[in-house]
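Q: sequence plus predicted model, see below.
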Amino acid sequence: MRWYDRERRDLPWRRTRDPYAIWVSEVMLQQTRVETVEPYYRRFLERYPDVSSLATASVEEVLAVWSGLGYYRRARQLHKAAAQIQLGGDFPKTMEELQKLPGIGPYTAAAISSIAFDVPVAVLDGNVERVISRQQTLDGPLRSAAGKRALLAAAQTWIDPKRPGDSNQALMELGATLCSPRAPRCPSCPVASTCGALARGQVERFPQRDGRKAPVRMRLAAVVVKRRRRVLLFRRSEESDLLAGLWEPPVVSLDADEEMSADLRRRYGGRWHLDESYGAFRHAVTNKLLEVDVRGGRVRFTGTIADRTEAGWFLPEEIDELPTSGLVSKALRSRG
DNA sequence: CAATCGTGGAG
DNA sequence: TCTCCAAGATT
(Lines give C-alpha, C1' and ligand atoms only; values in the text may rest on other atoms or scores of the structure.)
Protein backbone atom coordinates (compact mmCIF):
# COMPACT_ATOMS: atom_id res chain seq x y z
CA MET A 1 0.00 0.00 0.00
CA ARG A 2 2.90 2.35 0.67
CA TRP A 3 4.26 1.58 -2.77
CA TYR A 4 0.85 2.17 -4.36
CA ASP A 5 0.29 5.45 -2.54
CA ARG A 6 3.63 6.60 -3.83
CA GLU A 7 3.63 5.26 -7.39
CA ARG A 8 0.02 5.02 -8.49
CA ARG A 9 -0.78 6.47 -11.87
CA ASP A 10 -3.12 9.41 -11.99
CA LEU A 11 -6.01 7.92 -13.97
CA PRO A 12 -9.35 9.65 -14.56
CA TRP A 13 -11.40 6.90 -12.92
CA ARG A 14 -9.24 7.18 -9.81
CA ARG A 15 -10.50 10.70 -9.29
CA THR A 16 -14.06 9.65 -8.61
CA ARG A 17 -16.04 7.33 -6.41
CA ASP A 18 -19.18 7.51 -8.47
CA PRO A 19 -20.29 3.88 -8.91
CA TYR A 20 -21.52 4.63 -12.42
CA ALA A 21 -18.17 6.05 -13.51
CA ILE A 22 -16.28 3.19 -11.88
CA TRP A 23 -18.57 0.73 -13.64
CA VAL A 24 -18.00 2.29 -17.05
CA SER A 25 -14.26 2.28 -16.53
CA GLU A 26 -14.18 -1.34 -15.40
CA VAL A 27 -16.16 -2.54 -18.38
CA MET A 28 -13.96 -0.60 -20.76
CA LEU A 29 -10.87 -2.00 -19.07
CA GLN A 30 -11.94 -5.59 -19.68
CA GLN A 31 -9.16 -7.03 -21.80
CA THR A 32 -8.21 -3.52 -22.81
CA ARG A 33 -5.16 -1.48 -21.86
CA VAL A 34 -5.31 1.59 -19.69
CA GLU A 35 -3.83 3.89 -22.34
CA THR A 36 -6.41 2.74 -24.87
CA VAL A 37 -9.31 3.27 -22.50
CA GLU A 38 -8.48 6.77 -21.25
CA PRO A 39 -9.76 8.85 -24.20
CA TYR A 40 -12.84 6.63 -24.60
CA TYR A 41 -13.63 6.95 -20.93
CA ARG A 42 -13.50 10.74 -21.03
CA ARG A 43 -15.67 10.95 -24.13
CA PHE A 44 -18.17 8.43 -22.81
CA LEU A 45 -18.65 10.18 -19.48
CA GLU A 46 -18.97 13.53 -21.16
CA ARG A 47 -21.71 12.18 -23.39
CA TYR A 48 -23.33 9.97 -20.76
CA PRO A 49 -22.59 11.46 -17.32
CA ASP A 50 -24.96 9.18 -15.44
CA VAL A 51 -27.07 6.03 -15.58
CA SER A 52 -30.11 7.91 -16.76
CA SER A 53 -28.45 9.53 -19.76
CA LEU A 54 -27.02 6.19 -20.84
CA ALA A 55 -30.29 4.34 -20.34
CA THR A 56 -32.26 6.77 -22.49
CA ALA A 57 -29.73 6.84 -25.34
CA SER A 58 -30.10 4.57 -28.36
CA VAL A 59 -27.90 1.51 -28.73
CA GLU A 60 -26.78 2.81 -32.10
CA GLU A 61 -25.46 5.99 -30.55
CA VAL A 62 -23.73 4.16 -27.72
CA LEU A 63 -22.06 1.88 -30.25
CA ALA A 64 -20.91 4.93 -32.20
CA VAL A 65 -19.23 6.35 -29.11
CA TRP A 66 -17.71 2.92 -28.50
CA SER A 67 -16.40 2.69 -32.07
CA GLY A 68 -12.82 1.55 -32.17
CA LEU A 69 -12.68 0.16 -28.65
CA GLY A 70 -13.52 -3.39 -29.65
CA TYR A 71 -15.57 -6.14 -28.00
CA TYR A 72 -18.78 -4.36 -28.97
CA ARG A 73 -20.93 -6.68 -26.91
CA ARG A 74 -19.70 -4.70 -23.93
CA ALA A 75 -21.36 -1.54 -25.23
CA ARG A 76 -24.67 -3.30 -25.85
CA GLN A 77 -24.62 -4.85 -22.40
CA LEU A 78 -23.64 -1.59 -20.72
CA HIS A 79 -26.59 0.09 -22.35
CA LYS A 80 -28.95 -2.72 -21.41
CA ALA A 81 -27.70 -2.82 -17.84
CA ALA A 82 -28.19 0.93 -17.48
CA ALA A 83 -31.88 0.47 -18.15
CA GLN A 84 -32.06 -2.29 -15.57
CA ILE A 85 -30.31 -0.18 -12.95
CA GLN A 86 -32.62 2.71 -13.57
CA LEU A 87 -35.61 0.47 -13.04
CA GLY A 88 -34.17 -0.94 -9.85
CA GLY A 89 -33.54 2.42 -8.23
CA ASP A 90 -30.31 2.29 -6.25
CA PHE A 91 -27.03 1.28 -7.83
CA PRO A 92 -26.30 -2.37 -6.95
CA LYS A 93 -23.59 -2.78 -4.32
CA THR A 94 -23.05 -6.46 -3.65
CA MET A 95 -21.27 -9.08 -5.71
CA GLU A 96 -24.55 -10.95 -6.11
CA GLU A 97 -26.60 -7.98 -7.26
CA LEU A 98 -23.92 -6.71 -9.59
CA GLN A 99 -23.43 -10.04 -11.32
CA LYS A 100 -27.08 -10.13 -12.26
CA LEU A 101 -26.38 -7.32 -14.71
CA PRO A 102 -25.29 -8.19 -18.23
CA GLY A 103 -21.59 -7.71 -18.80
CA ILE A 104 -20.69 -7.89 -15.13
CA GLY A 105 -18.93 -11.09 -14.12
CA PRO A 106 -16.85 -12.04 -11.08
CA TYR A 107 -14.04 -9.59 -11.73
CA THR A 108 -16.10 -6.52 -12.54
CA ALA A 109 -18.50 -7.16 -9.67
CA ALA A 110 -15.62 -7.36 -7.20
CA ALA A 111 -13.98 -4.28 -8.68
CA ILE A 112 -17.08 -2.08 -8.48
CA SER A 113 -18.05 -3.45 -5.11
CA SER A 114 -14.64 -2.82 -3.54
CA ILE A 115 -13.71 0.44 -5.26
CA ALA A 116 -17.06 2.22 -5.10
CA PHE A 117 -18.55 0.70 -1.96
CA ASP A 118 -15.61 -0.45 0.20
CA VAL A 119 -16.73 -4.06 0.20
CA PRO A 120 -13.64 -6.14 1.11
CA VAL A 121 -13.64 -8.59 -1.80
CA ALA A 122 -10.58 -9.42 -3.85
CA VAL A 123 -10.54 -9.07 -7.62
CA LEU A 124 -8.92 -11.67 -9.83
CA ASP A 125 -7.81 -10.31 -13.16
CA GLY A 126 -4.83 -11.07 -15.38
CA ASN A 127 -2.59 -8.83 -13.32
CA VAL A 128 -3.50 -10.31 -9.98
CA GLU A 129 -3.19 -13.83 -11.40
CA ARG A 130 0.32 -13.08 -12.53
CA VAL A 131 1.45 -11.30 -9.37
CA ILE A 132 0.09 -13.96 -7.03
CA SER A 133 1.21 -16.93 -9.08
CA ARG A 134 4.74 -15.52 -9.10
CA GLN A 135 4.84 -14.47 -5.50
CA GLN A 136 3.33 -17.76 -4.28
CA THR A 137 4.93 -19.89 -6.96
CA LEU A 138 1.57 -21.28 -7.98
CA ASP A 139 2.33 -23.01 -11.23
CA GLY A 140 -0.77 -25.16 -11.30
CA PRO A 141 -3.44 -25.01 -13.94
CA LEU A 142 -4.60 -21.44 -13.59
CA ARG A 143 -7.37 -21.99 -16.03
CA SER A 144 -9.05 -24.60 -13.90
CA ALA A 145 -11.69 -23.65 -11.38
CA ALA A 146 -9.56 -25.02 -8.57
CA GLY A 147 -6.61 -22.94 -9.67
CA LYS A 148 -8.74 -19.81 -9.77
CA ARG A 149 -10.07 -20.52 -6.30
CA ALA A 150 -6.56 -20.86 -4.89
CA LEU A 151 -5.48 -17.60 -6.49
CA LEU A 152 -8.57 -15.78 -5.30
CA ALA A 153 -8.04 -17.02 -1.77
CA ALA A 154 -4.45 -15.81 -1.86
CA ALA A 155 -5.52 -12.47 -3.28
CA GLN A 156 -8.07 -12.09 -0.52
CA THR A 157 -5.28 -12.18 2.09
CA TRP A 158 -3.79 -9.05 0.52
CA ILE A 159 -6.96 -7.02 1.00
CA ASP A 160 -6.75 -4.20 3.52
CA PRO A 161 -10.23 -4.04 5.09
CA LYS A 162 -9.79 -0.33 5.53
CA ARG A 163 -9.04 0.27 1.87
CA PRO A 164 -10.41 -2.64 -0.18
CA GLY A 165 -10.54 -0.77 -3.46
CA ASP A 166 -7.05 0.59 -3.15
CA SER A 167 -5.55 -2.74 -2.17
CA ASN A 168 -7.14 -4.35 -5.20
CA GLN A 169 -5.88 -1.58 -7.42
CA ALA A 170 -2.44 -1.83 -5.86
CA LEU A 171 -2.11 -5.47 -6.90
CA MET A 172 -3.32 -4.67 -10.39
CA GLU A 173 -1.04 -1.66 -10.62
CA LEU A 174 1.88 -3.83 -9.64
CA GLY A 175 1.04 -6.34 -12.34
CA ALA A 176 0.53 -3.63 -14.93
CA THR A 177 3.64 -1.57 -14.28
CA LEU A 178 6.32 -3.80 -12.71
CA CYS A 179 5.24 -7.44 -12.62
CA SER A 180 4.63 -7.53 -16.37
CA PRO A 181 4.27 -10.70 -18.44
CA ARG A 182 7.64 -10.14 -20.04
CA ALA A 183 10.64 -8.15 -18.85
CA PRO A 184 9.39 -7.66 -15.29
CA ARG A 185 11.11 -4.92 -13.28
CA CYS A 186 11.84 -6.95 -10.17
CA PRO A 187 14.49 -4.60 -8.74
CA SER A 188 11.80 -1.95 -8.25
CA CYS A 189 9.20 -4.34 -6.84
CA PRO A 190 8.00 -3.67 -3.29
CA VAL A 191 7.47 -7.38 -2.60
CA ALA A 192 10.57 -8.71 -4.34
CA SER A 193 11.99 -10.02 -1.07
CA THR A 194 9.00 -12.32 -0.61
CA CYS A 195 8.66 -13.46 -4.22
CA GLY A 196 9.07 -17.20 -4.69
CA ALA A 197 9.50 -17.05 -8.45
CA LEU A 198 12.20 -14.41 -8.14
CA ALA A 199 14.04 -16.48 -5.54
CA ARG A 200 14.11 -19.32 -8.03
CA GLY A 201 15.10 -17.03 -10.84
CA GLN A 202 12.02 -18.10 -12.79
CA VAL A 203 9.81 -15.05 -12.75
CA GLU A 204 8.99 -15.14 -16.43
CA ARG A 205 7.95 -18.78 -16.21
CA PHE A 206 4.93 -17.76 -14.16
CA PRO A 207 2.10 -18.02 -14.69
CA GLN A 208 2.13 -21.08 -16.85
CA ARG A 209 1.21 -20.23 -20.40
CA ASP A 210 -1.72 -22.00 -21.90
CA GLY A 211 -1.34 -23.56 -25.28
CA ARG A 212 -2.96 -21.15 -27.64
CA LYS A 213 -4.56 -22.18 -30.87
CA ALA A 214 -3.00 -20.69 -33.96
CA PRO A 215 -5.15 -17.83 -35.21
CA VAL A 216 -6.79 -17.95 -38.59
CA ARG A 217 -5.06 -15.49 -40.88
CA MET A 218 -7.10 -13.56 -43.38
CA ARG A 219 -5.99 -10.92 -45.83
CA LEU A 220 -8.77 -8.44 -46.34
CA ALA A 221 -8.98 -5.41 -48.56
CA ALA A 222 -11.24 -2.53 -47.64
CA VAL A 223 -12.22 -0.37 -50.58
CA VAL A 224 -12.85 3.31 -49.92
CA VAL A 225 -15.26 4.56 -52.54
CA LYS A 226 -15.74 8.33 -52.58
CA ARG A 227 -18.18 10.39 -54.54
CA ARG A 228 -18.40 14.10 -53.90
CA ARG A 229 -16.84 13.82 -50.43
CA ARG A 230 -19.17 11.00 -49.51
CA VAL A 231 -17.96 7.54 -48.64
CA LEU A 232 -19.77 4.31 -49.38
CA LEU A 233 -20.43 2.18 -46.34
CA PHE A 234 -22.66 -0.77 -45.68
CA ARG A 235 -24.00 -2.24 -42.53
CA ARG A 236 -23.20 -5.69 -41.28
CA SER A 237 -26.14 -7.80 -40.32
CA GLU A 238 -27.22 -7.93 -36.70
CA GLU A 239 -26.82 -11.69 -36.77
CA SER A 240 -23.17 -11.56 -37.72
CA ASP A 241 -20.85 -13.12 -35.18
CA LEU A 242 -18.28 -10.49 -35.98
CA LEU A 243 -18.79 -6.73 -35.73
CA ALA A 244 -22.55 -7.23 -35.78
CA GLY A 245 -24.51 -4.21 -36.91
CA LEU A 246 -21.46 -2.06 -37.52
CA TRP A 247 -20.82 0.00 -40.64
CA GLU A 248 -17.84 -0.63 -42.88
CA PRO A 249 -16.64 -0.04 -46.40
CA PRO A 250 -16.89 -2.89 -48.92
CA VAL A 251 -14.47 -5.56 -47.85
CA VAL A 252 -13.26 -8.51 -49.86
CA SER A 253 -10.93 -11.29 -49.01
CA LEU A 254 -7.70 -11.23 -50.94
CA ASP A 255 -7.60 -14.95 -50.41
CA ALA A 256 -10.88 -15.46 -52.19
CA ASP A 257 -9.20 -17.53 -54.86
CA GLU A 258 -8.15 -20.05 -52.27
CA GLU A 259 -11.68 -20.25 -50.95
CA MET A 260 -13.27 -20.66 -54.33
CA SER A 261 -13.88 -24.15 -55.47
CA ALA A 262 -11.67 -25.21 -58.34
CA ASP A 263 -14.75 -25.35 -60.49
CA LEU A 264 -15.86 -21.81 -59.75
CA ARG A 265 -12.36 -20.51 -60.22
CA ARG A 266 -12.10 -22.17 -63.63
CA ARG A 267 -15.44 -20.89 -64.81
CA TYR A 268 -15.64 -17.44 -63.32
CA GLY A 269 -12.14 -16.32 -62.54
CA GLY A 270 -11.52 -13.10 -60.67
CA ARG A 271 -13.31 -10.56 -62.83
CA TRP A 272 -15.24 -8.75 -60.14
CA HIS A 273 -16.16 -5.12 -60.00
CA LEU A 274 -17.60 -3.02 -57.22
CA ASP A 275 -21.36 -2.77 -57.03
CA GLU A 276 -21.80 0.63 -55.44
CA SER A 277 -25.43 0.10 -54.62
CA TYR A 278 -24.88 -2.80 -52.37
CA GLY A 279 -21.32 -2.46 -51.17
CA ALA A 280 -20.42 -5.81 -52.61
CA PHE A 281 -18.56 -7.03 -55.62
CA ARG A 282 -20.41 -8.14 -58.68
CA HIS A 283 -18.96 -10.52 -61.17
CA ALA A 284 -18.40 -9.00 -64.56
CA VAL A 285 -19.77 -12.00 -66.42
CA THR A 286 -22.15 -13.92 -64.22
CA ASN A 287 -23.65 -10.88 -62.46
CA LYS A 288 -23.31 -12.73 -59.18
CA LEU A 289 -22.45 -10.96 -56.00
CA LEU A 290 -19.37 -11.83 -54.04
CA GLU A 291 -20.46 -11.65 -50.47
CA VAL A 292 -17.82 -11.71 -47.81
CA ASP A 293 -19.04 -13.60 -44.82
CA VAL A 294 -16.25 -13.42 -42.29
CA ARG A 295 -17.89 -16.01 -40.08
CA GLY A 296 -15.60 -18.99 -40.01
CA GLY A 297 -13.21 -17.16 -42.31
CA ARG A 298 -15.15 -18.33 -45.34
CA VAL A 299 -16.11 -16.43 -48.42
CA ARG A 300 -19.42 -17.31 -49.97
CA PHE A 301 -20.98 -16.59 -53.29
CA THR A 302 -24.57 -15.52 -53.48
CA GLY A 303 -26.77 -15.20 -56.49
CA THR A 304 -29.21 -12.72 -55.06
CA ILE A 305 -29.07 -9.33 -53.50
CA ALA A 306 -32.01 -9.93 -51.22
CA ASP A 307 -29.97 -10.44 -48.10
CA ARG A 308 -27.67 -7.51 -48.64
CA THR A 309 -27.46 -5.27 -45.67
CA GLU A 310 -28.29 -1.60 -45.67
CA ALA A 311 -25.94 0.67 -47.60
CA GLY A 312 -25.39 4.41 -47.81
CA TRP A 313 -23.16 7.34 -48.68
CA PHE A 314 -21.81 9.34 -45.77
CA LEU A 315 -19.89 12.53 -45.23
CA PRO A 316 -16.75 12.21 -43.11
CA GLU A 317 -18.37 14.10 -40.22
CA GLU A 318 -21.37 11.81 -40.30
CA ILE A 319 -19.22 8.75 -39.91
CA ASP A 320 -18.41 9.81 -36.36
CA GLU A 321 -22.05 9.28 -35.51
CA LEU A 322 -22.18 5.77 -36.97
CA PRO A 323 -21.33 2.56 -35.20
CA THR A 324 -18.17 1.45 -36.94
CA SER A 325 -15.18 -0.68 -36.14
CA GLY A 326 -11.85 0.86 -35.26
CA LEU A 327 -10.51 0.10 -38.69
CA VAL A 328 -13.10 2.35 -40.25
CA SER A 329 -13.44 5.09 -37.66
CA LYS A 330 -9.73 5.67 -37.32
CA ALA A 331 -8.70 5.25 -40.93
CA LEU A 332 -11.46 7.38 -42.39
CA ARG A 333 -11.16 10.05 -39.74
CA SER A 334 -7.45 10.49 -40.18
CA ARG A 335 -7.38 10.36 -43.96
CA GLY A 336 -10.78 11.78 -44.71
C1' DC B 1 -14.28 -26.55 -20.34
C1' DA B 2 -13.00 -24.29 -24.38
C1' DA B 3 -14.06 -21.14 -27.86
C1' DT B 4 -15.20 -16.50 -29.07
C1' DC B 5 -15.40 -11.57 -29.15
C1' DG B 6 -11.43 -6.24 -31.30
C1' DT B 7 -7.69 -3.61 -30.97
C1' DG B 8 -3.08 -1.96 -30.19
C1' DG B 9 1.46 -1.83 -27.85
C1' DA B 10 5.66 -4.07 -26.23
C1' DG B 11 9.49 -6.91 -26.85
C1' DT C 1 7.81 -8.56 -38.84
C1' DC C 2 5.97 -11.58 -35.62
C1' DT C 3 4.32 -13.23 -31.19
C1' DC C 4 2.01 -12.45 -27.11
C1' DC C 5 -1.69 -10.83 -24.59
C1' DA C 6 -4.29 -7.04 -21.88
C1' DA C 7 -8.54 -4.13 -15.22
C1' DG C 8 -13.14 -10.75 -18.77
C1' DA C 9 -17.85 -12.22 -19.91
C1' DT C 10 -20.63 -15.39 -22.09
C1' DT C 11 -22.16 -19.55 -24.17
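A: Nice, thanks for sending it over. Keep in mind it's a predicted model, so treat the numbers as computed, not measured. Numbering: from 1, shown residues only, chains lettered A, B, ... in the order given.
Q: neighbours of A:Ala205, just the number please.
A: Slight slip there: residue A:205 is Arg, not Ala. 14 (other C-beta atoms under 10 Å). Using the backbone N, CA and C atoms, a C-beta is placed for each residue, glycine as well.
Q: just the one 4 residues further on next, same as before
A: Under the neighbour criterion other C-beta under 10 Å, A:Arg209 is assigned a count of 9.
Q: cool, and A:Trp66?
A: 26.
Q: so, low pLDDT: which residues of chain A?
A: A:140-143, A:211-223, A:251-309, A:333-336 (pLDDT under 70).
Q: name every strand pairing with the strand ranked longest in it and say which way it goes.
A: Criterion DSSP state E: the longest strand present in chain A is strand A:230-235. In the sheet, strand A:230-235 lines up against strand A:226-227 (antiparallel), strand A:247-248 (antiparallel), strand A:311-314 (antiparallel) (DSSP bridges).
Q: closest to A:Ala81 out of those?
A: Evaluated with C-beta to C-beta, the strands paired with strand A:230-235 place strand A:247-248 nearest to A:Ala81, the distance being 24.4 Å.
Q: pull the distance from that closest one to the chain's centre.
A: With C-alpha atoms, centre = their mean, to the nearest Å as the basis, strand A:247-248 stands 18 Å off its chain's centre.
Q: nearest residue to the spatially most central residue of chain A other than its sequence neighbours?
A: Taking C-alpha atoms, centre = their mean as the criterion, A:Tyr71 is the residue nearest the geometric centre of chain A, at 3.7 Å. Nearest non-adjacent residue to A:Tyr71, counting by C-beta to C-beta, 6 or more residues apart in numbering: A:Gln31, 6.6 Å away.
Q: so what's the residue count around that neighbour?
A: When neighbours are counted by other C-beta under 10 Å, A:Gln31 comes out with 10.
Q: distance of it from A:Gly201?
A: 30 Å (C-beta to C-beta, to the nearest Å).
Q: can you name the residue of the stretch 101-250 of chain A nearest DNA strand C?
A: In the stretch 101-250 of chain A, the residue that lies nearest DNA strand C is A:Gly105 (2.6 Å; C-beta to the nearest atom of the strand).
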